[in-house]
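Visitor: give the three-dimensional model of this entry:
(chains A and B)
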Amino acid sequence: MSALEVDARGLRCPLPVIRLAAAARDASPGTEVTVLATDPAARHDIPAWCRMRGHALTAVSEATDGSHTAYRVLLAGEGSR
Amino acid sequence: MVPAAREALLGALDAGWADPRRLHAEGRRARAILDQAREVVADGLGVRPPEVPFLPDGPAALRAAVDGTLYAARRRGARVVATAVEHSAVLTHGRYRATQAQEPALFAEVGVDRLGRVDLAALERALGVPGTVAAVVQSANGEVGTRQPLEAARALARRHGIPLVVDAMAGLGRDPAPRDFDLLAGEALSWGGPGGVGVLVVPERVRWRLPGPPSELEGGRTEVMPVVPLVLAAAEAWRQTAAVRDADAAEAHTLVDLVRAAAARMPDVEVVGDPVERLPHVVTFSCLYVDGEALVTELDRRGFSVASGSACTASTLEPSHVLAAMEVLTHGNVRVTLPLAASTSDRARDVERFVAELPDAVEAVRAQLGVAGL
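Guide: Have a look, this model is predicted:
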């Protein structure tokens, strides 16, 4: 399984989701994308995007210093869009 | 404001300027205006006039409803239960009180489903926690339009002997006045009246008292003297609005259906809220990959005044707590609130034009962000 990281720290909505979507477009199904974000709206919009696109949000975790949040997204296969 | 209310307000500035507590002729005239206005609103709400004090606005009335219920029940407990989509006047005060007391359990927020309807099973569990003395449920949500199952909520609250505070701020003048409540808060803006008039219904059977020395105003329900001309305008607006409410609501419902359908036809747009059990005049949708602020500005440029629950349109970084609680997309959010037909020239034509221009407006904003094909 391949893995990608999207650093969306400091970006405000809707940019974190747009960066995630751009990374997902170029990645193959089954890729695990980790998004780092500071925008509080990402907490709601990354899960909503996953639901709308059929991807799985597998983990949400705070950085130990509380500076940002990491979202782990497992991209679904072809045709699930 | 509906035109008749505006005329009533202007007239009352001359006739009702005096202090209604005074015994001189002007004072008595102001008192008579206040009493008549109270009768109109009380009749519309299906309660007795002494049960309807006027407060400075809806949020003030809502906070007073909760505060007075808490104070009257202070020997039995101090816990309040509210839905997660209540007005921020309820949520911020509830959270603040719990934080100050260092007792998180003093304020419980009950979740909603994706349409924004309260989870009744969770509400029942929350009501069963000892020390709970008040429950707050709105009649309908002003941001997404979803109506709450008040009859069921009241039945649950009753079973636990807990008074139900109903926030009717979004629905009065559009939906029939709620019957399933112990205390009710509303404001004249929602039925085409002026700002600055809130109503609080405290039926005699309900235990309610504000902390502090007893007030001589409005039956002890407020420390702020109502502005008599505003109250008269509010009553006049009620009279006008109530007379045509069902027809107005039916037309608004149809117009909102047009907006919902147009929004749903666009790619990657989520129409939010209950499609059927909803306020007639409110519609909300969220557009994926769209900056809410840019879209509001683009629509404003085209002559449409819309609101948004997106974080980028708020002074804080947080998006609307209502959209968040419903777990729907919060960015690219647009909220359209149709005015009453009486207070606008031609809302059907405006909606038609909005529906025609919306796809272009969304496309234009998406193009700026270069999100094609995502």
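
Visitor: which residues touch the closest residue to B:G173 other than its chain neighbours?
Guide: Nearest residue to B:G173, sequence neighbours excluded (CB to CB, 6 or more residues apart in numbering or on different chains): B:W191, at 2.6 Å. C-beta coordinates here come from the backbone N, C-alpha and C atoms, glycine included. B:W191 makes contacts with B:L172, B:G173, B:R174, B:A234, B:A237, B:W238, B:T241, B:A242, B:L340, as judged by CB atoms under 8 Å, 6 or more residues apart in numbering or on different chains.

Visitor: what's the spacing between the closest residue to the first one other than its chain neighbours and chain A?
Guide: In space, and not counting its chain neighbours, B:L172 is closest to B:G186: 4.4 Å by CB to CB, 6+ apart. Summarising the geometry, the distance separating B:G186 from chain A, computed by CB to the nearest CB, to the nearest Å, is 30 Å.

Visitor: cool, B:F181 as well?
Guide: Here B:F181 is placed at a distance of 31 Å from chain A (CB to the nearest CB).

Visitor: look at that residue and say how many residues are nearby.
Guide: The number of residues packed around B:F181, counting by other CB atoms under 10 Å in any protein chain shown, is 26.

Visitor: quick one, what contacts it?
Guide: Listed by CB under 8 Å, 6+ apart, the contact partners of B:F181 are B:L150, B:R154, B:L164, B:V165, B:V166, B:A168, B:V201.

Visitor: check contacts around the first one.
Guide: In other words, B:L150. B:L150 makes contacts with B:V137, B:S139, B:L164, B:V166, B:P178, B:D180, B:F181, as judged by CB under 8 Å, 6+ apart.

Visitor: look up phi and psi at A:A59.
Guide: phi -160, psi 140 (degrees, to the nearest 10).

Visitor: where along the stretch 1-150 of chain B do the helices fall?
Guide: B:3-15, B:25-45, B:58-72, B:88-100, B:120-127, B:150-159 (DSSP state H, counting those that start in this stretch).

Visitor: swap that for chain A, sorry
Guide: A:15-26, A:42-53 (DSSP state H).

Visitor: those residues of chain A touching chain B, which are they?
Guide: Counting by CB under 8 Å from any CB of the partner chain, chain A comes close to chain B at A:12-14, A:17-18, A:21-22, A:25, A:39-41, A:43-45, A:47-49, A:52.

Visitor: how about the residues of chain B by chain A?
Guide: Counting by CB under 8 Å from any CB, the residues of chain B near chain A are B:268, B:270, B:286, B:288-292, B:310-312, B:317-319, B:323-324, B:327-332, B:369, B:371, B:373-374.

Visitor: one more time with 6 Å, if that's ok
Guide: By CB under 6 Å from any CB of the partner chain, the residues of chain B that approach chain A are B:289, B:291, B:311-312, B:317-319, B:324, B:328-331, B:371, B:374.

Visitor: which members of those residues are positioned in helices?
Guide: Within the residues of chain B next to chain A, residues falling in helices by DSSP H are B:A324.

Visitor: point out where chain A drops to low pLDDT.
Guide: Low-confidence regions of chain A, defined here as pLDDT under 70, cover residues A:1, A:78-81.

Visitor: name the residue most distant from the centre of it?
Guide: Most distant from the centre of chain A: A:D65, at 20.2 Å, with distances by CA atoms, centre = their mean.

Visitor: and it, how far from chain B?
Guide: In this structure, A:D65 and chain B are 19 Å apart, going by CB to the nearest CB.

Visitor: what about residue 24, how many neighbours?
Guide: Just going to use chain A. A count of nearby residues for A:A24, using other CB under 10 Å, gives 23.

Visitor: try again with chain B
Guide: So B:H24, with other CB under 10 Å, has 10 neighbours.

Visitor: without its sequence neighbours, what residue ends up closest to it?
Guide: Closest to B:H24 by CB to CB, 6+ apart is B:A18, at 7.2 Å.

Visitor: I'd like the residues of chain B next to chain A as a markdown table, with neighbour count appended.
Guide: Shown next, in a markdown table, are the residues of chain B next to chain A (neighbours: other CB atoms under 10 Å in any protein chain shown):
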| residue | neighbour count |
| --- | --- |
| B:Y289 | 24 |
| B:D291 | 25 |
| B:A311 | 27 |
| B:C312 | 23 |
| B:L317 | 13 |
| B:E318 | 14 |
| B:P319 | 29 |
| B:A324 | 21 |
| B:V328 | 28 |
| B:L329 | 31 |
| B:T330 | 31 |
| B:H331 | 35 |
| B:V371 | 18 |
| B:L374 | 19 |
